[in-house]
Every structure is written in C-alpha cells, then in structure tokens.
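Engineer: what would the 3D arrangement of this be:
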Amino acid sequence: MRREFVLKSIALTAIAIAIVLDPRIALAHAVLTHSTPAANSTVQGPDLPITLKFNSRVDGTRSTLLLVDPSGKSTPLTIDKQTASDTLTTHAAQLSAGKYAIQWQVLAVDGHITRGQIPFEVK
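Structural biologist: From the prediction side, this is the model:
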C-alpha cells in the first residue's frame, strides 16, 4: 500500500514538473489570440481580409470558417494556404452593410477541436 502511494506521488510530481517546465502541455487547445476583424468591431466593406491567429499550431486543412450574414445565412469561406502554422487567412467580398459573424472551428496540435465566433459590423 505504501509503495503504491509513493509511485502515485512520484507520477503526479513528474506531471506537475512537466507542466511547469512546458506550459504548452497544459494549454494545448487552440485559443484565438487575435483576429481581423476584431470581435465587435465596425469595418468598411465591401471587401474584407480575414485573419485569425491562435496560441498554437492549427491544421488549416481540417479547420472551417463560415461567414454568417445579417439574414443568418452561413457561407463557407475558403481558407488560404497557411503561411504560418498558427494563423488562418481568407477574405470575404461584396459585403453589404449589416451585422455579420465569423464562425470558426480549428483542429489544434493536441487533437482537440476548438470553436468560436467573431461578431462584427460592416458599414
């Protein structure tokens, strides 16, 4: 019984040390750190470059971006070839004035899917 307790304690200590030495182990899910357009911003149309930057690598081929228009209709956006492993880029064209949202879903290097939404307005 004592030996089992000692082995569990050693294992937990090793995990704690690994997390402290490499915080990416604890924060492996992809978290959106920056976007253009920014959340709740107002932008000029009709054409809009879109950039999403994450805190870790994301798999662009297994990620999706949707543009939700003022009527609620969702349109898939084609993701450009990744030039940086933590960034997705695309563009939207011919946007009329109104409230939009970008719905994103990415696959992070840890194998987990993360989702989110970026609301914005076009003037």
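Engineer: tell me the contacts of the most centrally placed residue in the chain?
Structural biologist: Nearest residue to the geometric centre of the chain (C-alpha atoms, centre = their mean): Leu32, 4.3 Å. By C-beta atoms under 8 Å, 6 or more residues apart in numbering, the contact list for Leu32 reads Leu52, Lys53, Phe54, Trp104, Thr114, Gly116, Ile118. Every residue, glycine included, has its C-beta placed from N, CA and C.
Engineer: buried ones among those?
Structural biologist: Neighbour-count burial (16 or more other C-beta atoms under 10 Å) is assigned, among the contacts of Leu32, to Leu52, Phe54, Trp104, Thr114, Ile118.
Engineer: which one of the residues you listed is nearest to Pro76?
Structural biologist: Minimum distance to Pro76 across the buried ones among the contacts of Leu32 is 11.5 Å, recorded for Trp104 (C-beta to C-beta).
Engineer: from Ala97, how far off is the residue nearest to the centre of the chain?
Structural biologist: Leu32 sits 25 Å away from Ala97, going by C-beta to C-beta, to the nearest Å.
Engineer: with Ile118 instead?
Structural biologist: Ile118 is 18 Å from Ala97, by C-beta to C-beta.
Engineer: one more: Ala30?
Structural biologist: Counting by C-beta to C-beta, the gap from Ala30 to Ala97 is 32 Å.
Engineer: where does Val109 land on pLDDT?
Structural biologist: At Val109, the pLDDT value in this model is 85.
Engineer: my guess is it contacts Ser56. True?
Structural biologist: Yes: using C-beta atoms under 8 Å, Val109 is in contact with Ser56, at 5.8 Å.
Engineer: quick one: contacts for Gly60?
Structural biologist: Residues in contact with Gly60, defined by C-beta under 8 Å, 6+ apart, are Ile79, Lys81, Gln82, Leu88.
Engineer: try it again with 10 Å
Structural biologist: Applying C-beta atoms under 10 Å, 6 or more residues apart in numbering to Gly60 gives the contacts Ile79, Asp80, Lys81, Gln82, Thr83, Ala84, Ser85, Thr87, Leu88, Thr89, Val106, Leu107.
Engineer: sweet, I'm off.
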